[in-house]
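K.L.:
Using only what follows, build the 3D model:
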Amino acid sequence: MSTFEFPIVDLAPWYGADATAKQRIADLIRIACEGAGFFAIRGHRVPEKTIAGLRLAARGFFALPAEEKLRVARPKPEQNRAYHPDGTETLARLAGNESPPDYKEVFAMGPPDVPADDPWYHTAAGAYPNYAPNLWPAAPAGFEAAWRAYWSAMEDLQDTICRIFALALDLPEDWFLRHIDRHCSMLRALYYPAQRQPPRPGQLRAGAHTDLGMLTILKNERAEGGLEVRDLAGRWHAAPVVDDGFIVNIGDLLMRWTNDRFISTLHRVANPADGRTGTDRLSIAYFVAPNYDAVIECVPTCQGPDRPPKYPPVTVAGYRNARFAATAAPNPAAA
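P.N.:
Below you'll find the predicted structure:
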């Protein structure tokens, strides 16, 4: 569909003092969020060496023998941590559908440190599994450091994007920040191996779904079989690869927060086209999830006498935890 809009926004002017330039960026992103629910960003200030470091570490890990990777296997279905072998996740379930398991492997981490001055919050009822311990492999060298560096860069970027969202919604610029100061986000390296045998009927690298959180920041790459986004007419479109940028999409929580003003769009990861099954792919996705006890209820600027709130208030944990756990199959190494 040639009219499908997937804007690329340069964030560089946002970091200046020009209020007009900041508002212009917010307006561009508002239009994207109300339409496709996806956009791309440049000028994000994430160092290229930080991105390259995580790519190198992730590819080094996925190249290890299966028995080495399984030493840090996902401990429980509800814990999005460490290694998820191929065949143990079905993202189509997030959309209420069933399909064969996704054709991918995953390594994931959550918040890396529990602050020593606030242990109660991170262990209180409702906190689990959002701050479950991370598991780190012994190899490759520098693996944990690379993940921590990328996580830190994403925290900075998530704050910037949340400020832009607030301005786009006519809210004070720091409106969302109080809801993400103890966030329970997730960082995942998604490895789509070369398909040595044809996928099963209905099997994709990642089944069609919407994301559960607030927003997602994705670093994809130029390789066959990538991210596709569905438009309102039900047609699928390949997302662009922005070599010096990231893809950003709205998640279900932000759609609820904005009374469906911002759109959480169905997307998937396609199989390589034309039988080119020998191509692998690595994507890095940072899923922004607010504080687990943050209450998601319609923001003031997205409701009125002719637009009442569509959804009852819900906490982040109440909406997200059980739904995500349902995507996992039992882990063969955790039995």
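
K.L.:
can you give me the strands in this structure?
P.N.:
Here the chain has its strands, by DSSP state E, at 8-10, 38-42, 82-84, 105-109, 186-192, 206-209, 215-219, 227-230, 236-238, 246-250, 267-269, 281-288, 295-296, 314-315.

K.L.:
Direction-wise, compare the second one with strand 246-250 and give the angle.
P.N.:
Here strand 38-42 runs at an angle of 150 degrees relative to strand 246-250 (axes from the mean of the first three to the mean of the last three C-alpha atoms, to 10 degrees).

K.L.:
buried residues in strand 38-42?
P.N.:
Neighbour-count burial for strand 38-42, counted by 16 or more other C-beta atoms under 10 Å, picks out F38, F39, A40, I41. C-beta: built from backbone N, CA, C; applies to glycine.

K.L.:
pLDDT added to those residues, as a markdown table?
P.N.:
A markdown table is the format used below for the buried residues of strand 38-42 (pLDDT from 0 to 100):
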| residue | pLDDT |
| --- | --- |
| F38 | 95 |
| F39 | 96 |
| A40 | 96 |
| I41 | 97 |
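
K.L.:
out of these, who's nearest A285?
P.N.:
Each of the buried residues of strand 38-42 was scored against A285 by C-beta to C-beta, and F38 proved nearest at 13.1 Å.

K.L.:
partner residues bridging that closest one?
P.N.:
N249 (DSSP bridges).

K.L.:
any idea how far it is from E221?
P.N.:
Relative to E221, F38 is positioned 17 Å away (criterion: C-beta to C-beta, to the nearest Å).

K.L.:
just I180 next, same as before
P.N.:
27 Å.

K.L.:
neighbour-wise, which of those two wins?
P.N.:
Under the criterion of other C-beta atoms under 10 Å, the comparison of I180 against E221 puts I180 first, with 20 against 12.

K.L.:
Could you report the pLDDT at the more buried one?
P.N.:
Among the per-residue scores, I180 holds a pLDDT of 97.

K.L.:
Just give me the neighbour total for A168.
P.N.:
That count, for A168 with other C-beta under 10 Å as the rule, works out to 23.

K.L.:
Excluding chain neighbours, what is closest to it?
P.N.:
R30 (3.7 Å; C-beta to C-beta, 6 or more residues apart in numbering).

K.L.:
tally of neighbours for that neighbour?
P.N.:
18.

K.L.:
got it, and R320?
P.N.:
Neighbour count of R320, defined by other C-beta under 10 Å: 24.

K.L.:
pretty sure it is touching F287, no?
P.N.:
No: when contacts are counted by C-beta atoms under 8 Å, R320 is not listed as touching F287 (9.9 Å).

K.L.:
between these two, what contacts are shared?
P.N.:
Overlap between the neighbourhoods of R320 and F287 consists of L212, G213, taking contacts as C-beta atoms under 8 Å, 6 or more residues apart in numbering.

K.L.:
which ones are touching S283?
P.N.:
S283 sits next to A189, L190, Y192, L218, K219, N220, E221, G226, L227, V269 when contact means C-beta under 8 Å, 6+ apart.

K.L.:
Show me the beta-bridge partners of the fifth one.
P.N.:
Yep, that's K219 we're talking about. Checking K219 by DSSP bridges, which sets the bridge assignment, gives partners I284.

K.L.:
Report the separation between it and R188.
P.N.:
As defined by C-beta to C-beta, K219 lies at a distance of 11 Å from R188.

K.L.:
Need the overlap of contacts for these two.
P.N.:
When contacts are counted by C-beta under 8 Å, 6+ apart, the set common to K219 and R188 consists of I284, A285.

K.L.:
Buried only: go through the contacts of S283 for me.
P.N.:
Burial of the contacts of S283 was assessed by neighbour count (16+ other C-beta under 10 Å); the buried members are A189, L190, Y192, L218, K219, N220, G226, L227, V269.

K.L.:
so can I have CSV of the residues you listed showing pLDDT?
P.N.:
Supplementary listing: those in CSV, determined by pLDDT from 0 to 100:
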residue, pLDDT
A189, 98
L190, 95
Y192, 89
L218, 97
K219, 96
N220, 91
G226, 86
L227, 90
V269, 86
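
K.L.:
ok, so of these, who is nearest R261?
P.N.:
L218 (22.1 Å).

K.L.:
what bits of the stretch 201-335 of the chain have low per-residue confidence?
P.N.:
Within the stretch 201-335 of the chain, the segments meeting pLDDT under 70 span 274-278, 321-335.

K.L.:
Swap in 90 and give it another go.
P.N.:
Applying pLDDT under 90 to the stretch 201-335 of the chain flags residues 201-209, 221-226, 231-234, 238-241, 269-280, 317-335.

K.L.:
Kind regards, and thank you for your time.
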